[in-house]
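> the sequence isn't on hand, but the structure is:
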């Protein structure tokens with residue numbers, strides 16, 4: 001079944017519920033992308049993108065976010081994240097202190113996100129970022145949400161920050177803390193000063209994560225538990241209630257608060 005995007009511009013590319021029509025849609029989306037500033041490298045990446053069946057399966061089956069908080073933390077290994085996170089905080093104190101001075105975000109929050117998202121970089125995904133995010137933009141379920149992230153991914157290819165072969169999570173998130181591509185484009189920081197924003201480099205990823213949180217309104221020195229000023233900023237990172245509360249709890253334990 002094909003359906004219009006509804007809130008998009010007149011003549012916008014269609015969406016679909018299966019892979020049927022995906023290749024034809026890419027040609028329409030390529031015209032839209034070019035009109036929004038995507039260059040030839042990005043367009044080439046779009047045309048090479050394949051329909052990501054595993055991404056659609058994952059999008060239809062996000063069971064862990066329906067768990068209770070206690071069960072969610074158990075399943076996601078919160079105690080291990082806290083234990084390893086404290087070790088990382090102690091070992092790399094100068095690094096995290098510098099980030100907090102610059103962005104105002106405590107180490108515990110950054111480390112908890114890093115641990116939750118990729119197990120501290122142990123698994124950053126096995127799916128083509130471009131194919132995943134383009135597939136989700138084609139899929140009718142959340143086309144409008146993913147569209148700016150698809151454009152972001154194509155612009156990251158243009159910029160050389162990722163390639164068509166770059167792998168990330170099933171929903172197109174990339175790097176140590178699993179940035180969606182549109183956010184990566186907007187908030188990415190060259191933390192190590194090598195001239196490139198590389199989300200698979202820990203320094204760049206942590207600086208970018210801190211920059212995102214500060215840009216979303218993080219108040220240096222403010223609390224980040226539910227009801228405190230900075231909890232609303234954690235909500236900007238992930239929309240799931242259990243995720244937000246788990247990050248706040250683990251971060252406080254890592255920070256020793």
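Received the coordinates, thanks. All figures in this text were calculated on a predicted structure; none of them were measured in a lab.

> can we go C-alpha only for contacts and neighbour counts from here?
OK.

> and residue 53, how many neighbours?
Using other C-alpha atoms under 10 Å, residue 53 is surrounded by 15 other residues.

> these two touch, right, residue 103 and residue 208?
No. Using C-alpha atoms under 8 Å as the test, residue 103 is too far from residue 208 to be in contact (10.0 Å).

> with neighbour numbers in mind, choose between the two.
Neighbour count, other C-alpha under 10 Å: between residue 103 and residue 208, residue 208 has more, with 26 against 21.

> which stretch of helix or strand covers that one?
Using DSSP states H and E, residue 208 sits within helix 202-215.

> give me the mean pLDDT for that helix.
For helix 202-215, mean pLDDT is 98.

> what do you get for stretch 136-151?
pLDDT averaged over stretch 136-151 gives 96.

> that older thread, what residues of the helix holding residue 208 count as buried?
202-214 (16 or more other C-alpha atoms under 10 Å).

> check stretch 140-159 too.
Buried residues in stretch 140-159 (16+ other C-alpha under 10 Å): 140-141, 143-144, 146-159.

> check what pLDDT residue 186 gets.
Value for residue 186, per-residue pLDDT: 97.

> what do you get for residue 65?
pLDDT, residue 65: 70.

> same question for the one 5 residues further on.
According to the predicted model, the pLDDT of residue 70 comes to 95.

> what helix or strand is it located in?
Using DSSP H and E, residue 70 maps to helix 69-75.

> give me the contact list for that helix.
Contacts to helix 69-75, defined as C-alpha atoms under 8 Å, 6 or more residues apart in numbering, come from residues 64-65, 79, 242-243, 245-246.

> please apply the same query to stretch 223-231.
Under the contact criterion C-alpha under 8 Å, 6+ apart, stretch 223-231 has outside partners 217-219, 222, 234, 244-245, 248-249.

> derive a ChimeraX selection command for the buried subset of those.
Buried members of those can be picked out in ChimeraX with the line below, counting by 16+ other C-alpha under 10 Å:
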select :218,219,234,244,245,248,249
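
> dump the contacts of stretch 223-231 to TSV, plus distance to residue 25.
Formatted as TSV, those follow (distance: C-alpha to C-alpha, whole Å):
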residue	distance to residue 25
217	37
218	39
219	43
222	47
234	35
244	36
245	39
248	41
249	44
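
> out of the contacts of stretch 223-231, flag the one nearest to residue 191.
Minimum distance to residue 191 across the contacts of stretch 223-231 is 18.8 Å, recorded for residue 218 (C-alpha to C-alpha).

> drop anything exposed from the contacts of helix 69-75.
64, 242-243, 245-246.

> could you tell me whether residue 100 really is in a strand?
No. Read with DSSP: H, G, I helix; E, B strand; the rest coil, residue 100 is helix and lies in no strand.

> what's the burial count for the nearest residue to it once chain neighbours are set aside?
The shortest distance from residue 100 to any non-neighbouring residue, by C-alpha to C-alpha, 6 or more residues apart in numbering, is to residue 106 (5.5 Å). Counted by other C-alpha under 10 Å, the residues lying close to residue 106 total 22.

> quick check: residue 106 touching residue 95?
No. In this structure, residue 106 is not within contact of residue 95 by C-alpha under 8 Å, at 11.4 Å.

> inside helices: which ones of the buried ones among the contacts of helix 69-75?
Among these, the members falling in helices (DSSP state H) are 242-243, 245-246.

> helices and strands around the helix or strand harbouring residue 55, which ones?
Residue 55 belongs to helix 53-59 when assigned by DSSP H and E. Using 3 or more C-alpha pairs under 8 Å, 6 or more residues apart in numbering; DSSP states H and E as the contact test, the elements touching helix 53-59 are helix 129-138.
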